[in-house]
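Engineer: Dropping the sequence and predicted coords here.
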Amino acid sequence: MINIVVFASGSGTNFQSIINATEEGQIEGEVRGLITNKDDIQAIRRARKHDIAHVTIDPTDFTDRSDYVRELLDQLAAWETDLIVLAGYMIKIPAELIKKFENRIINIHPSLLPKYGGKGFYGHNVHRAVLDNNETESGCTVHIVTREYDEGPILAQQKVPVYDSDDPSTLAKRVLKQEHLLLPDVIAKLANKLNQKNHS
């Protein structure tokens, strides 16, 4: 069973979908912990409800960046992390983590990358841009995290239609519904691969 650590900055609905999938046996792994950059967010309440350890590591609390990176790496080591999942995490991942966990950090993004990715494209900004450009479809993407925002290799995508009657909020809901299905599915496949690798 692999050890999964989730990074989140908000309500944590994708975090919840991962918890559900591990508890139901869809994912052969355990959510060892939650790392957030904010206190008092819904994601932390979800962690408490399921007895999942959580820590808040906010880069603005550190005067020295290397101390911040060390804190992250130490926590990930303590949880014997195999896979990191970014589920609505609003902070750029330090290069040191990307190097240490190469091809083992994934992110879910609310558009069909490479469209509407990169700096500034998050949350409703993405859906507003999709509507402003009169796109007929949108969706979500799970990709490997690299040093550049939203540019890592794409692992899976799910499309949704865009309707004339949509506003950013209705489109967001439709995309989010697919995120909750796509992310656990990709994690389950990665867990299988990592488990096989660990046993070989």
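Structural biologist: Alright, I've got the coordinates.
Engineer: Any idea how many residues pack against residue 132?
Structural biologist: Residues lying near residue 132 (other CB atoms under 10 Å) number 9. C-betas here are computed from N, CA, C, even on glycine.
Engineer: what about the longest helix seen in the chain, average pLDDT?
Structural biologist: Criterion DSSP state H: the longest helix present in the chain is helix 168-199. When pLDDT is averaged over helix 168-199, the result is 93.
Engineer: ok, and for it, which residues are buried?
Structural biologist: Neighbour counts over helix 168-199 (16 or more other CB atoms under 10 Å) mark 168, 171-172, 174-176, 178-180, 182-188, 190-191, 194 as buried.
Engineer: who does it touch, helix- and strand-wise?
Structural biologist: strand 2-8, helix 13-23, strand 29-36, strand 83-86, strand 105-109, helix 124-132, strand 137-144, strand 154-161 (3 or more CB pairs under 8 Å, 6 or more residues apart in numbering; DSSP states H and E).
Engineer: quick one: the residue lying closest to residue 91 once chain neighbours are set aside and residue 19, what's the gap?
Structural biologist: Spatial nearest neighbour of residue 91, excluding adjacent residues (CB to CB, 6 or more residues apart in numbering): residue 37 at 5.2 Å. Residue 37 sits at a distance of 20 Å from residue 19 (criterion: CB to CB, to the nearest Å).
Engineer: Check residue 113 too.
Structural biologist: Distance of residue 113 to residue 19, computed by CB to CB: 25 Å.
Engineer: Now the residue nearest to residue 91. Its backbone dihedrals?
Structural biologist: Backbone torsions of residue 37, given as degrees, to the nearest 10, read phi -110, psi 10.
Engineer: Can you tell me which helix or strand of this protein has the lowest average pLDDT?
Structural biologist: Taking mean pLDDT, DSSP states H and E as the measure, the chain has helix 168-199 as its least confident helix or strand, at a mean of 93.
Engineer: Please name the spatially closest residue to residue 57 (chain neighbours excluded).
Structural biologist: residue 71 (5.4 Å).
Engineer: any idea how far residue 99 is from that neighbour?
Structural biologist: Distance of residue 71 to residue 99, computed by CB to CB: 17 Å.
Engineer: for residue 36, same thing?
Structural biologist: Counting by CB to CB - residue 36 and residue 99 are separated by 23 Å.
Engineer: Those two - which one has more neighbours?
Structural biologist: residue 36 (25 against 9).
Engineer: How many residues are close by the nearest residue to residue 169 once chain neighbours are set aside?
Structural biologist: Using CB to CB, 6+ apart and skipping residues adjacent in sequence, the residue nearest residue 169 is residue 124, 7.4 Å away. Look at residue 124: counted by other CB under 10 Å, it has 13 neighbours.
Engineer: Just to check, residue 124 is in contact with residue 172?
Structural biologist: Yes - between residue 124 and residue 172 a contact is recorded at 6.4 Å, counting by CB atoms under 8 Å.
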